[in-house]
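> fold the following for me, if possible:
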Amino acid sequence: MKKISLAITGCMGRMGQQIIKSIRSDKDFKLVTLTENRKISKKINGIKPSLNTEKAFKNVDLIIDFTVPKCTFEVLKIASKLKKRVVIGTTGFTKKQENLIKTFSRKIPILKAGNMSLGINLLMYLTEITSKSLGNSFLSKVFEIHHKHKKDHPSGTALMLGKGIAVGKNKNFYKLIGKKFLNKKSFPYGKKINFNSLRKGEVIGEHEVTFSSGKEIITLNHEAFDRALYSEGAFTAAKWLMKKKPGLYSMRDVLNFK
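As a prediction, the model looks like this:
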C-alpha cells in the first residue's frame, strides 16, 4: 500500500507535537509538510515548518488540522483549491463557521470531530440513546475538565455531548444551549443544557453528562489519560477519509455507529 503523504498544521501546538510523535510508529504515513502561523527557524523531524501556502500543501494527500478556527479556514481555502482531503480536530467554531465548513465539503472530503477518541464518540452515542430513552422528564447538564492552557470553553467535546442530548430529544441544539460556567465547584440543572468547564493543571480531558429527574441521577463519563489516543484516532480517520468522495464526515461515520 502506498504511504499517505501527510501535512500537519499547527505543528508547534500540543496536538501538533503529539501527532508528530505518534506518526513515527505508523508506517502508513509519510510526513511531508509541517506548518505554523509564524516563522519557525528550526527543523522538526528533518522538515522546516512553513506558513499555510499552496506550495506547502501541493504534494500532500491529506492535511490534519488541530489549530484555531482562523487557521483552519486558511487551510480549507487552499485545500479546496488543490483538492486535498482534510481531517479537522480544531474546536471553537461558531454556527456560521460550521455552515461554512459544510460549504467547503461540497468540493473536498472533510472529516471533522470535536474529539477523535473512540471512547468519547461512544459516549456521545450513549448520550443520544440515554436522552431519547429518558425523554423530557429528566434535566441534563455537561461538565468537563481540561488543562489550564486550553482557551475555548465549553470544549468542543462538551458541545458534542450537548448536541447528543439535543439529538436524543429531537430538538435544535442551539436552542437548547443554556448557561456556560467556568471553574465553578457546582452548577445547576436547567430547562436548557448548562455547561461547566474547569481548567486546571495538565489534565488531558474529563467529560461527564448527567441526567436528573429529581429522584434519581444517571451519569455517563469518560476520562483520557494519554493524548496519543487523539492522534491515533486522527490517523484512523485519515486512512478512512482517503477512500471517500467530497462530503462532511465525522468519527461516527468512521466507527459506523448508527
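> next, the contact list for the most centrally placed residue in the chain, please.
By Cα atoms, centre = their mean, the chain has its centre lying nearest to residue 114, at 2.2 Å. Residue 114 is in contact with 91, 155, 156, 157, 159, 160, counting by Cβ atoms under 8 Å, 6 or more residues apart in numbering. To be clear about C-beta, it is placed using only N, CA and C from the backbone, and glycine gets the same treatment.
> same check on residue 246?
By Cβ under 8 Å, 6+ apart, the contact set of residue 246 is 105, 106, 107, 108, 109.
> need phi/psi at the closest residue to the second one other than its chain neighbours.
Spatial nearest neighbour of residue 106, chain neighbours left out: residue 246 (6.0 Å); criterion: Cβ to Cβ, 6 or more residues apart in numbering. Recorded main-chain torsions at residue 246 are phi -50, psi 140, according to degrees, to the nearest 10.
> any of the contacts of residue 114 buried? List them.
Buried by 16 or more other Cβ atoms under 10 Å: 91, 155, 156, 157, 159, 160, out of the contacts of residue 114.
> among these, name the ones in helices.
156, 157, 159, 160 (DSSP state H).
> isn't the first one right up against residue 91?
Yes - the pair residue 156 and residue 91 qualifies as a contact (Cβ atoms under 8 Å) at a distance of 2.7 Å.
> separation between the closest residue in space to the residue nearest to the centre of the chain that isn't next to it in sequence and residue 234?
Leaving aside its chain neighbours, residue 114 sits nearest to residue 156 (3.1 Å; criterion: Cβ to Cβ, 6+ apart). Distance, residue 156 to residue 234, using Cβ to Cβ, to the nearest Å: 14 Å.
> ranges for the helices of the chain?
Going by DSSP H, the chain shows helices at 14-23, 54-57, 69-82, 95-104, 118-134, 156-169, 173-176, 228-241, 251-255.
> can you pull the buried residues of the longest one?
If I follow you right, that is helix 118-134. 120, 121, 122, 123, 124, 126, 127, 128, 130, 131, 134.
> then the last one?
Buried residues in helix 251-255, defined by neighbour count with 16+ other Cβ under 10 Å: 251, 252, 253, 254.
> closest one of these to residue 210?
residue 252 (22.3 Å; Cβ to Cβ).
> quick check: that closest one touching residue 125?
Yes - judged on Cβ under 8 Å, residue 252 makes contact with residue 125 at a distance of 7.2 Å.
> for residue 234, give me its contacts.
With contacts taken as Cβ under 8 Å, 6+ apart, residue 234 has the following neighbours: 19, 64, 66, 87, 89, 116.
> now it: closest residue in space, sequence neighbours ignored.
residue 116 (4.9 Å).
> pretty sure the one you found sits against residue 233.
Yes - if you go by Cβ under 8 Å, residue 116 and residue 233 touch, sitting 3.1 Å apart.
> which residues are in contact with both of those two?
Common neighbours of residue 116 and residue 233 (Cβ under 8 Å, 6+ apart) are residue 251.
> tell me where the model's unsure across the stretch 151-258 of the chain.
258 (pLDDT under 70).
> follow-up on the earlier one: could you export the contacts of residue 234 as CSV, including neighbour count and pLDDT?
Converted to CSV, the contacts of residue 234 look like this (neighbours: other Cβ atoms under 10 Å; pLDDT from 0 to 100):
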residue, neighbour count, pLDDT
19, 30, 95
64, 28, 98
66, 26, 95
87, 27, 98
89, 25, 94
116, 25, 91
